[in-house]
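# Provided below for reference: sequence and predicted model.
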Amino acid sequence: MPIQIIWGNDINACDKHIQDIISKNVSKNWEVLNISKLNGDDPNQVIQALEEAQTPPFGEGARIVLLKNNPIFNNKNEALRIKFELNALNIPTSNFLILQNIQKPDSRIKTTKFLKKLIQQGKALEKFFSLPNIWDFDSQIRFIENIAKNKNIFLEEGCGEAILNSVGFDSSKLNNELNKLILYVESKNQKIEHGNNQKIKITLKDVNTIFSDHQSNIFKIIDCIISNNIADSLNEINSLIHQGEPALRLLSGLISQIRIHTIVLLLSNEKDTSKIAQLAGVSNPKRIFFLRKKVLNCSPEYLINIMIKLLSIESLIKKGNNPINAFTENLLL
């Protein structure tokens, strides 16, 4: 399909999908001449991408024009809209114009409405690859399970959570670690019949055998905070920040999780778990049982005090203070 729209904050998955398109369609002998990689932050390169997409490939195979940070579907620009609409209809079928951005196309602007028509006509294709929110435990588990499913893996109950605790949910790291699991399990010839397909079965024991539990994630930090193990929580926070996790994003997740645990604790006498889940913003009511066990020995005053400290840390970081110092000095108070 001549026009490929790729968006989402899972950059690793986006890049892999783009590389798959290139590998499947561009001749190795002509790839130097038939691949153009341009940056949408430069207005001149945006125009260049639209014009190059109309040039047929040299030799055999397809021509790829990749525009990273594509602004066409997120910025109102009448001149660019007209240029895109004219050029989009004249792209050779042997060409691919790949328009990539982290942000979802803005449905309010005219170029995106035009894009929708192209998709309906089969002249464009839209793919998105988004990571779950750092505070959304259930979405992270589903994310891991979907990646495993795409690899023809059947995960035993509890494996998703164990993988999350050990690996996190970075898609590149997940793919690498799941490939290790596949090699390990295939060496044991451990497969099951699942419908018409033979799937690789991964057990909780396999996960615990292969993955050393050295990775940090927000749920470990929350467990440490709830058990009043502040020193270990700071070690996990430092580890995540050093791995490149943005401090404010991490903080947002911590605040959200402490809020959930506080609500669950305050509603300890409520029997309707669906009601608690709705008030706490938890998508799976069955999780309330486990949350209640975690906060069993907590007091509301303690969790509320932690929330106040986290909000104070947020203020300090936004004022330019060193994130690690802000966490350390406030959580240890």
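Thanks, I have it. Numbering: from 1, shown residues only.
# residues contacting residue 138?
Contact analysis of residue 138 by CB atoms under 8 Å, 6 or more residues apart in numbering lists 282, 283, 284, 287. The C-beta positions use only the backbone N, C-alpha and C, and glycine is treated the same way.
# same question, residue 253
Taking CB under 8 Å, 6+ apart as the definition, contacts of residue 253 comprise 133, 134, 135, 218.
# would you list these in TSV and tack on pLDDT and distance to residue 75?
Below are the contacts of residue 253 laid out as TSV (pLDDT from 0 to 100; distance: CB to CB, whole Å):
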residue	pLDDT	distance to residue 75
133	81	25
134	76	28
135	77	30
218	82	33
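# For PyMOL, write the select line for the buried members of these.
Remark: buried members of the contacts of residue 253, expressed as a PyMOL selection using 16 or more other CB atoms under 10 Å:
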select buried, resi 134+135+218
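# Can you tell me which of the contacts of residue 253 comes closest to residue 156?
Distance to residue 156, by CB to CB, is smallest for residue 218 among those, at 24.1 Å.
# Let's see the pLDDT reported for the residue nearest the centre of the chain.
Nearest residue to the geometric centre of the chain (CA atoms, centre = their mean): residue 131, 1.4 Å. Residue 131 is assigned 87 on the pLDDT scale.
# SS state for it?
coil (DSSP: H, G, I helix; E, B strand; the rest coil).
# which regions of this protein lie under the pLDDT threshold?
The model of the chain has pLDDT under 70 over residues 1, 188-198, 212-216.
# re the thing from before, give me every residue that touches the residue nearest to the centre of the chain.
Applying CB under 8 Å, 6+ apart, the residues near residue 131 are 8, 9, 10, 143, 169, 170, 171.
# still on that earlier bit, can you put the contacts of residue 253 in TSV and add distance to residue 111?
Output for the contacts of residue 253, formatted as TSV (distance: CB to CB, whole Å):
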residue	distance to residue 111
133	28
134	31
135	33
218	37
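# Give the burial count for residue 230, as a bare number.
Number of residues near residue 230 (other CB atoms under 10 Å) recorded here: 16.
# so it touches residue 224, yeah?
Yes. At 7.2 Å, residue 230 counts as touching residue 224 under the criterion of CB atoms under 8 Å.
# mind giving me TSV with the contacts of residue 131 and columns for neighbour count and distance to residue 277?
Formatted as TSV, those follow (neighbours: other CB atoms under 10 Å; distance: CB to CB, whole Å):
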residue	neighbour count	distance to residue 277
8	18	27
9	13	26
10	21	27
143	20	20
169	20	22
170	18	28
171	20	28
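# List the residues that contact residue 56.
63, 92, 94, 95.
# tally of neighbours for the third one?
A count of neighbours around residue 94, defined by other CB under 10 Å, yields 14.
# and the helix or strand that contains residue 87, which residues are buried?
In this structure, residue 87 sits in helix 78-88 according to DSSP states H and E. Within helix 78-88, the residues scored as buried using 16+ other CB under 10 Å are 80, 81, 83, 84, 87, 88.
# mind listing the strands for the chain?
3-7, 35-39, 63-68, 95-101, 124-128, 153-155, 191-194, 197-202 (DSSP state E).
# Pipe these into a markdown table and attach distance to residue 322 and mean neighbour count per row.
Putting those into a markdown table (distance: least, CB to CB, whole Å; neighbours: other CB atoms under 10 Å) gives the following:
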| stretch | distance to residue 322 | mean neighbour count |
| --- | --- | --- |
| strand 3-7 | 33 | 21 |
| strand 35-39 | 32 | 16 |
| strand 63-68 | 31 | 23 |
| strand 95-101 | 32 | 23 |
| strand 124-128 | 35 | 16 |
| strand 153-155 | 40 | 20 |
| strand 191-194 | 50 | 11 |
| strand 197-202 | 41 | 17 |
